[in-house]
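**Student:** My questions are about this predicted structure, shown below with the sequence.
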Amino acid sequence: MGIIRIYDPAMCCDTGVCGPSVDPELTRVATAIFMLEKENIDIRRFNLGSEPQAFIEEKAIKELLHEKGADDALPAVMVDGTIVKTGKYPTNQEFAKWSGLSEDKISSKPSSGNNITLL
């Protein structure tokens, strides 16, 4: 299992899943991250707009931003301290590979925890 870090572009909130029109890709990524966290995978996500210090403190990300600029570099993904993807979010298949979980486990929709049966 890898240590996964995602460096997001500046967004209005931590997940980007807010506002009047939600990007389905951000919803998929938020769901995958939720499922990984639920399985105790070491994954963290940083938003350039609200956590710029994380981008400065991680030397490889700081260099990537200097070289490519935020528009081309972000989102950026690090696994075990190595940048493995830039400019796009990971697929569920990539999340599965890096975490050691099955793709089905990552793609599952989170349960609401509500066990009410409507008659």
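**Tutor:** On my side now, so go ahead.
**Student:** Of all the residues in the lengthiest helix in the chain, which ones are buried?
**Tutor:** Assignment by DSSP state H gives helix 24-38 as the longest helix of the chain. Neighbour-count burial for helix 24-38, counted by 16 or more other Cβ atoms under 10 Å, picks out 26, 28-36. All C-beta atoms are positioned from the backbone trio N, CA, C, and that covers glycine.
**Student:** Which parts of the protein are helices?
**Tutor:** 24-38, 52-57, 59-68, 70-73, 92-99, 103-107.
**Student:** Indicate which one of those is closest to M1.
**Tutor:** Closest to M1 of the helices of the chain is helix 92-99 (Cβ to Cβ; 5.8 Å).
**Student:** Let me see the mean pLDDT of that closest one.
**Tutor:** For helix 92-99, the per-residue pLDDT values average out at 96.
**Student:** same for it, what does it pack against?
**Tutor:** Helices and strands touching helix 92-99, as assessed by 3 or more Cβ pairs under 8 Å, 6 or more residues apart in numbering; DSSP states H and E, comprise strand 4-8, helix 24-38, strand 82-86, helix 103-107.
**Student:** Take those and write them to a markdown table, including distance to K59.
**Tutor:** Formatted as a markdown table, the helices and strands packed on helix 92-99 follow (distance: least, Cβ to Cβ, whole Å):
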| stretch | distance to K59 |
| --- | --- |
| strand 4-8 | 13 |
| helix 24-38 | 24 |
| strand 82-86 | 11 |
| helix 103-107 | 29 |
